[in-house]
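>>> Pasting the sequence and the predicted model now:
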Amino acid sequence: MIFDIITIFPDFFSSILAHGILKRAIDGSQISVRVRNLRDFTGDVHRSVDDRPFGGGPGMVFKPEPIFRAVEAIQAEAPVKRLRVILLTPQGRLLNQRIVQELSREPRLVLICSRYEGVDERVATHVATDEISIGDYILSGGELAAAVLLEATARLLPGVLGNEESKELESFTIPGTALNSTSDVGLLGFPQYTRPADFRGLKVPEILLSGNHQQIREWRERQALLKTCRKRPDLLGKVGMDSEELRRALKRAAEEETIETIS
């Protein structure tokens, strides 16, 4: 999978690409990341990428010409008819695991990192095929957002993590199959424990020491449901479970944890 990142700060990505999952994916040829300096696509001696907004107002806005040229140059290299071009902007749709899974199936992604007061609207309407935000807050530019999207997508590609099973047991991915959920919206991750089994009187749940994999799997799914209820109740309405079935599963999970039953 090829990622083309358009930015005025290409050095920003040097350290990110030299460590961890992204370095492993690059070394293993699962991904190729090409960082493009937007200033290389300007046409003036000052290599200007921004200008004052028409109609007045504070700050500067990215000009359309350099971005159009950068994407057109990438398009000329790409064998696909239509590139997936993503503008990182707080006005975009909020990134989630479902979108990441969708993007991981693309052969090539172009990520546009905006700065200042944003980009000329003609970029959003005539160049970008998608606008994505990583949260309802403001950053100084799209580079951090691009890095988040890059890693979230790359780690889903075959062979990048090494352990493919771990991807099916992560937050927002656990489907709750034992809970008869048919939704593609996942639960939060279930509680994880490791050695020692008894630390300062804090003991690991007995079920995890039982060796009964079927019961462990069902316990984990119920506990993932309980954790989702506590920390992200907004997700429960998207899981696709019958309300009575949901109540019973939460009640049993609470009882297993020996806490007050959730009503």
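Looks like it came in fine.

>>> Now do the closest residue to Arg115 other than its chain neighbours against Val49, distance only.
Once flanking residues are discounted, Arg115 sits nearest to Gly141: 4.3 Å by Cβ to Cβ, 6 or more residues apart in numbering. For every residue, glycine as well, the C-beta is placed using N, CA and C. Applying Cβ to Cβ, to the nearest Å, the value for Gly141 to Val49 is 12 Å.

>>> Comparing these two, which residue is more hemmed in?
Applying other Cβ atoms under 10 Å to Gly141 and Val49 shows that Val49 carries more neighbours, namely 22 against 16.

>>> Where does the record place the domain boundaries for the protein?
2-154, 165-256 (automatic domain parsing).

>>> what about the longest helix in this structure?
Determined from DSSP state H, the single longest helix within the chain is helix 213-231.

>>> quick one: the strands in the stretch 51-200 of the chain?
Ranges of strands in the stretch 51-200 of the chain, per DSSP state E, counting those that start in this stretch, are 61-62, 84-94, 108-113, 130-133, 198-199.

>>> Count residues in the vicinity of the closest residue to Tyr193 other than its chain neighbours, would you?
In this structure, Tyr193 finds its nearest non-sequential neighbour in Val204, 4.4 Å apart by Cβ to Cβ, 6+ apart. The tally of other residues near Val204 (other Cβ under 10 Å) stands at 15.

>>> Looking at the strands of the stretch 51-200 of the chain, which is nearest to Ala70?
When the strands of the stretch 51-200 of the chain are compared by Cβ to Cβ, strand 108-113 sits nearest Ala70, at 8.1 Å.

>>> which strands and helices sit next to that closest one?
Applying 3 or more Cβ pairs under 8 Å, 6 or more residues apart in numbering; DSSP states H and E, one finds that strand 108-113 contacts strand 2-7, helix 64-77, strand 84-94, helix 143-154.

>>> Please identify the most buried of these.
Among the helices and strands packed on strand 108-113, judged by mean count of other Cβ atoms under 10 Å, the one packed with the most neighbours on average is strand 2-7 (a mean of 24).

>>> In its sheet, which strands sit next to that strand, and in what direction?
strand 32-37 (parallel), strand 108-113 (parallel) (DSSP bridges).

>>> any chance of the domains of the chain in CSV, plus mean pLDDT?
Formatted as CSV, those follow (pLDDT from 0 to 100):
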stretch, mean pLDDT
domain 2-154, 95
domain 165-256, 78
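
>>> Show me where the stretch 151-263 of the chain has its helices.
Assigned helices in the stretch 151-263 of the chain, in chain order: 213-231, 243-256 (criterion: DSSP state H, counting those that start in this stretch).

>>> Out of the strands of the stretch 51-200 of the chain, which gets nearest to Phe9?
For Phe9, the closest of the strands of the stretch 51-200 of the chain is strand 108-113, at 7.7 Å, according to Cβ to Cβ.

>>> Report the distance from that closest one to the chain centre.
Relative to its chain's centre, strand 108-113 lies at 14 Å (Cα atoms, centre = their mean, to the nearest Å).

>>> any idea of the angle that strand forms with helix 64-77?
170 degrees (axes from the mean of the first three to the mean of the last three Cα atoms, to 10 degrees).

>>> picking up where we left off before, any chance of the strands paired with strand 2-7 in CSV, plus distance to Phe68 and mean neighbour count?
Formatted as CSV, those follow (distance: least, Cβ to Cβ, whole Å; neighbours: other Cβ atoms under 10 Å):
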stretch, distance to Phe68, mean neighbour count
strand 32-37, 13, 17
strand 108-113, 11, 24
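
>>> Dump these into JSON lines; add distance to Pro53 as well.
Shown next, in JSON lines, are the strands paired with strand 2-7 (distance: least, Cβ to Cβ, whole Å):
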{"stretch": "strand 32-37", "distance to Pro53": "24"}
{"stretch": "strand 108-113", "distance to Pro53": "18"}
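
>>> follow-up on the earlier one: among the helices of the stretch 151-263 of the chain, which is the most enclosed?
helix 213-231 (a mean of 18).
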